[in-house]
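Q: Next come a sequence and a model predicted from it.
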Amino acid sequence: MKAKKIFAEMNDQVKYELESAYLYLQMAAYFHEQGLDGMARWMRVQALEEQHHAMKFFDHLVDRGQPVTLQPLAIKATSWKSPREAFEAAYAHEQFISGRIHLLVEVANTEKDHAAMPMLHWFLNEQIEEEANTSKIAQQLRQAEKAGGALFMIDRELGTRSFTIPPEVTIVAGAGGAGA
Ligand code: MG
């Protein structure tokens with residue numbers, strides 16, 4: 001049987017989700033350097049979420065008997081001029097990831113890979129949320145630039161974010177298990 005393109009694209013997506021985690025961890029470091037620990041916390045939580053996204057694709061490939069080949073990670077930037085610029089970069093990155101998910105849906109449709117659809121639909125919804133969250137914070141930071149002190153209110157607010165491990169995802173429990 002000819003290897004499906006959808007599996008190659010999912011393999012690439014493991015890399016893109018891990019690059020997201022890597023980028024947000026770099027942004028967390030940037031915010032700590034700026035003394036903005038709330039924003040750093042938000043980014044640390046986001047980086048954890050991205051690792052779970054990567055594991056969803058990883059487990060899907062494993063569960064379907066497909067090889068996983070991890071690739072080198074790359075991030076474009078390691079520093080930003082302002083918190084606003086960092087969150088605008090996060091929003092732009094999520095728009096790129098949404099484009100990737102849309103491509104995966106198109107490839108799965110073309111190859112009539114119905115088994116991939118529930119997971120890809122989960123990601124379509126997730127990307128709506130990811131874009132909404134990052135663009136909203138970028139918008140608030142644009143407003144904050146006009147009002148002194150607002151930056152620290154946003155920092156406090158973002159510092160309340162917490163992370164709960166999604167029950168359907170396992171990172172440490174061994175191979176597979178995406179559907180457990
Ligand atoms: Mg993601």
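A: On my side now, so go ahead.

Q: Going by C-alpha atoms from here, please, whenever you check contacts or count neighbours.
A: OK.

Q: Can you report how many residues lie near residue 139?
A: 14 (other Cα atoms under 10 Å).

Q: Quick check: it vs residue 16, distance?
A: 25 Å (Cα to Cα, to the nearest Å).

Q: quick one: low-confidence ranges for the chain?
A: 1-3, 167-180 (pLDDT under 70).

Q: Spatially central residue for it, please.
A: residue 50 (3.9 Å; Cα atoms, centre = their mean).

Q: What is the helix or strand harbouring that one packed up against?
A: Using DSSP states H and E, residue 50 falls within helix 37-63. The elements that helix 37-63 packs onto, with contact taken as 3 or more Cα pairs under 8 Å, 6 or more residues apart in numbering; DSSP states H and E, are helix 5-33, helix 150-158.

Q: moving C-terminal of that helix, what's the next helix or strand?
A: Immediately after helix 37-63, counting by DSSP H and E, sits helix 83-110.

Q: how about whichever helix or strand comes after that next one: buried residues?
A: Counting by DSSP H and E, the next helix or strand C-terminal to helix 83-110 is helix 117-144. Buried residues in helix 117-144, defined by neighbour count with 16 or more other Cα atoms under 10 Å: 120, 123-124, 127, 130-131, 133-135, 137-138, 141-142, 144.

Q: Same check on stretch 48-65?
A: 48-62.

Q: residue contacts, residue 138?
A: Going by Cα atoms under 8 Å, 6 or more residues apart in numbering, residue 138 touches 84, 85, 87, 88, 91.

Q: Out of those, give me the one that has the most neighbours.
A: residue 87 (24 neighbours).

Q: Is it in contact with residue 133, as I believe?
A: No. Counting by Cα atoms under 8 Å, residue 87 does not reach residue 133; the two are 9.8 Å apart.
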